[in-house]
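>>> Using only what follows, build the 3D model:
(4 chains)
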Number of protein chains: 2
Amino acid sequence: MSKESSSRSRKPKRGQTREALMEAALDLVVKKAPFSSLSLREVTKRAGVVPTAFYRHFTDMSALGLTLLDESFRTLRQMMRQVRQENQPNENMLRGSMETYFNYVRENRAHFLFVAKELFGGTPTMRNAIRREIRMFTNELAMDMARFPFLNHLSAEDLQMMAGLVVNNVTALTQEMLELEESDTFGQQEVLGTAEKQLRLIFLGVGQWKS
Amino acid sequence: MSKESSSRSRKPKRGQTREALMEAALDLVVKKAPFSSLSLREVTKRAGVVPTAFYRHFTDMSALGLTLLDESFRTLRQMMRQVRQENQPNENMLRGSMETYFNYVRENRAHFLFVAKELFGGTPTMRNAIRREIRMFTNELAMDMARFPFLNHLSAEDLQMMAGLVVNNVTALTQEMLELEESDTFGQQEVLGTAEKQLRLIFLGVGQWKS
DNA sequence: TTTTTTAGTGAACAAGTGTTGACTTTAACT
DNA sequence: AGTTAAAGTCAACACTTGTTCACTAAAAAA
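Numbering: from 1, shown residues only, chains lettered A, B, ... in the order given. The predicted model follows:
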């Protein structure tokens, strides 16, 4: 009973400093600069920790970055799995998928902003990791499409190219979404609307495609 | 005859330091970091000039950035005009347009890299300037499409949405292109090929579109 | 030719950067 | 309870950063 009080100059914070550092970095990315231009001291200051404490948890700023990237994509992957399970191929599949996806984007704004800014501004290592992840999504989408009865006559390359078209657009729309204010629900609805229309248009073209 | 020699500690460089600074910044963007994380001293060093000389030409690093942005888009705009003049609406219009466009991208790699990296990593001012420019392209494309006989039954919003689809994709493909090595002509051809196919697919969908 | 404007230099500043090393406190293990 | 390992602090380092000021060379204007 003598432990939980009387902490003055040294705070208890058990294993939570690591998380504090990650959250601080994410915060700074949201309201300031891309991760690549954050300084170690800046991050530790916001986390409420002395600069040298950083080294107890990460060797490097770039190590923090990769951890953040991992975190971002792990939750994103699990959401995508969910989207694919919940949406059987029917009429409002497109609308439903886009809705859950963009809801997820709104709820994880910080992570998406982080990824978007590093996609081009980051170090080569970072960029490659992100591109690899995106390529993976494209492949999975191509495989999903191959299972559709009215698409199984298409070649693997064509499917890949079509999946790429979809992913490129969703990526662009995500970025557009991220530029909007969090409170701008009207704009967000508008982006969602365009997203649905554009995907519908794409699949209209896919139906007409002759190899 | 006594002027052009005998310059020792002070170099002649008439009005060319300004250009040297811009070129230096562009160089550094290509082979190092996004513009936003370049330092004034770094740029002046590469330009072969002392740091304080910078202030004779720009008030700020961000002023340099905006100048660079202006330069990038001015030449891009004139190219787009050329593409539209040279390509009358016929069979190989898509192929032709994409070829000249991507040739231009290859020849102006530095400028495109600069823009791509600032599109998300830059300051709000920078980002807005770029997005405004892209929106302008989208509008012009929509107007071009409206002139096609088989498209004049479409609503303005639908045309806008279709143009957006095209622009989003070309942007994504441009970024993909920029990630390739300058020497990787095979990869470049491949991207060009996908670009053409994807646009063809889009226009296939456009033909089927019912408002 | 003399004068004035423009475009370069160099030294110095206050502030911020990553990283080190030697300590100290807390939590965990025996 | 005593020991050990993990996670925090503090002071100091060598460096880079943006910006100032006074000064000087060259080009342009008179």
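>>> ok, and the closest non-adjacent residue to A:D144?
Nearest non-adjacent residue to A:D144, counting by CB to CB, 6 or more residues apart in numbering or on different chains: A:R84, 6.6 Å away. C-beta here means a position set from N, CA and C on the backbone, and glycine is covered the same way.
>>> Quick one: name whatever helix or strand follows the helix ranked longest in chain A.
Counting residues, the longest helix found in chain A (DSSP state H) is helix A:61-86. Later in the chain than helix A:61-86, the nearest helix or strand by DSSP states H and E is helix A:93-107.
>>> is that following helix anywhere near chain B?
No - applying CB under 8 Å from any CB of the partner chain, one finds helix A:93-107 out of contact with chain B, separated by at least 13.2 Å.
>>> Where does pLDDT dip in chain A?
Scanning chain A for pLDDT under 70 picks out A:1-14, A:91.
>>> if you set the cut-off to 50 instead, what comes out?
Along chain A, segments meeting pLDDT under 50 span A:1-10, A:12.
>>> Looking at the record's assignment, how would you partition it?
A:14-58, A:69-208 (automatic domain parsing).
>>> Export those domains to TSV and append columns for distance to B:V191.
Output for the domains of chain A, formatted as TSV (distance: least, CB to CB, whole Å):
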stretch	distance to B:V191
domain A:14-58	26
domain A:69-208	10
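>>> any chance of those in a markdown table, plus mean neighbour count and distance to DNA strand C?
As requested, the domains of chain A are exported to a markdown table (neighbours: other CB atoms under 10 Å in any protein chain shown; distance: least, CB to the nearest atom of the strand, whole Å):
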| stretch | mean neighbour count | distance to DNA strand C |
| --- | --- | --- |
| domain A:14-58 | 16 | 3 |
| domain A:69-208 | 17 | 14 |
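>>> how about the residues of chain A that lie near chain B?
So far as CB under 8 Å from any CB goes, chain A lies against chain B at A:33-34, A:36-37, A:116-117, A:119-121, A:127, A:131, A:158, A:161-162, A:164-165, A:168-169, A:171-173, A:175, A:179, A:194, A:197-198, A:201-209.
>>> Sitting in helices, which of the residues you listed do you find?
Those of the residues of chain A next to chain B mapping onto helices are A:116-117, A:119-121, A:127, A:131, A:158, A:161-162, A:164-165, A:168-169, A:171-173, A:175, A:179, A:194, A:197-198, A:201-208, per DSSP H.
>>> so how far is B:L204 from A:L151?
Separation of A:L151 from B:L204 (CB to CB, to the nearest Å): 14 Å.
>>> One more: A:E23?
47 Å.
>>> Backbone dihedrals for A:G48, please?
A:G48 adopts backbone torsions of phi 70, psi 40, taken as degrees, to the nearest 10.
>>> thought it was touching A:A20?
Yes - the pair A:G48 / A:A20 is scored as a contact, 6.9 Å apart, by CB atoms under 8 Å.
>>> in chain A, which residue is closest to the centre?
A:F112 (4.1 Å; CA atoms, centre = their mean).
>>> Contacts only, for the closest residue to that one other than its chain neighbours.
With sequence-adjacent residues excluded and distances taken as CB to CB, 6+ apart, A:F112 is closest to A:V105, at 5.5 Å. For A:V105, the contacting residues are A:F112, A:T174, A:M177, A:L178, by CB atoms under 8 Å, 6 or more residues apart in numbering or on different chains.
>>> same deal with A:T138?
Neighbours of A:T138 in contact, by CB under 8 Å, 6+ apart: A:Q160, A:A163, A:G164, A:V167.
>>> can you rerun that using 7 Å?
A:A163, A:G164, A:V167 (CB atoms under 7 Å, 6 or more residues apart in numbering or on different chains).
>>> what's the closest non-adjacent residue to the last one?
If the residues on either side of it in the chain are set aside, A:V167 comes closest to A:T138, at 4.8 Å by CB to CB, 6+ apart.
>>> any idea how far that neighbour lies from DNA strand D?
38 Å (CB to the nearest atom of the strand, to the nearest Å).
>>> So that residue: helix, strand or coil?
Following DSSP: H, G, I helix; E, B strand; the rest coil, we place A:T138 in the helix state.
>>> Please report how far it lies from A:L159.
Per CB to CB, A:T138 is found 10 Å from A:L159.
>>> ok, A:S36 touching A:P124?
No - counting by CB atoms under 7 Å, A:S36 stays clear of A:P124, with 11.3 Å between them.
>>> If you drop the residues flanking it in sequence, what lies closest to A:K197?
Of all residues not flanking A:K197 in the chain, B:M161 sits nearest, at 5.4 Å (CB to CB, 6+ apart).
>>> Can I get stretch A:117-127 as CSV, trimmed to CA atoms?
The C-alpha trace of stretch A:117-127 is given here as CSV (Å, rounded to 0.1, in the frame of the first residue of the first chain):
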residue,chain,number,x,y,z
LYS,A,117,2.6,11.3,-46.4
GLU,A,118,5.3,8.6,-46.4
LEU,A,119,4.1,7.0,-49.7
PHE,A,120,6.2,9.6,-51.5
GLY,A,121,8.1,11.6,-48.9
GLY,A,122,9.5,8.8,-46.9
THR,A,123,12.8,6.9,-47.1
PRO,A,124,13.2,4.3,-49.8
THR,A,125,12.7,1.6,-47.2
MET,A,126,9.5,3.1,-46.1
ARG,A,127,8.2,3.7,-49.6
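>>> hang on, the earlier thing: ok, and does the longest helix of chain A reach over to DNA strand D?
No - applying CB under 7 Å from any atom of the strand, one finds helix A:61-86 separated from DNA strand D by no less than 13.4 Å.
>>> Could you name the helices and strands sitting against that helix?
Identification of packing neighbours for helix A:61-86 by 3 or more CB pairs under 7 Å, 6 or more residues apart in numbering or on different chains; DSSP states H and E yields helix A:17-31, helix A:93-107, helix A:109-121, helix A:124-146.
>>> B:S62 is nearest to which of those?
helix A:109-121 (16.0 Å; CB to CB).
>>> now for the closest one, which elements pack on it?
Applying 3+ CB pairs under 7 Å, 6+ apart, one finds that helix A:109-121 contacts helix A:17-31, helix A:61-86, helix A:124-146, helix A:156-179, helix B:109-121.
>>> Next, report how far the second one is displaced from the centre of its chain.
It stands for helix A:61-86. Put simply, helix A:61-86 sits 7 Å off its chain's centre (CA atoms, centre = their mean, to the nearest Å).
>>> For A:L154, which three-state class applies?
When classified by three-state DSSP, A:L154 comes out as coil.
>>> I'd assumed A:E176 was in contact with the residue nearest to the centre of chain A.
No - the pair A:F112 and A:E176 fails to qualify as a contact (CB under 7 Å) at a distance of 11.8 Å.
>>> if we can go back for a sec, from the contacts of A:T138, pick the one nearest chain B.
Lowest distance from chain B to the contacts of A:T138 (CB to the nearest CB) belongs to A:G164, with 6.6 Å.
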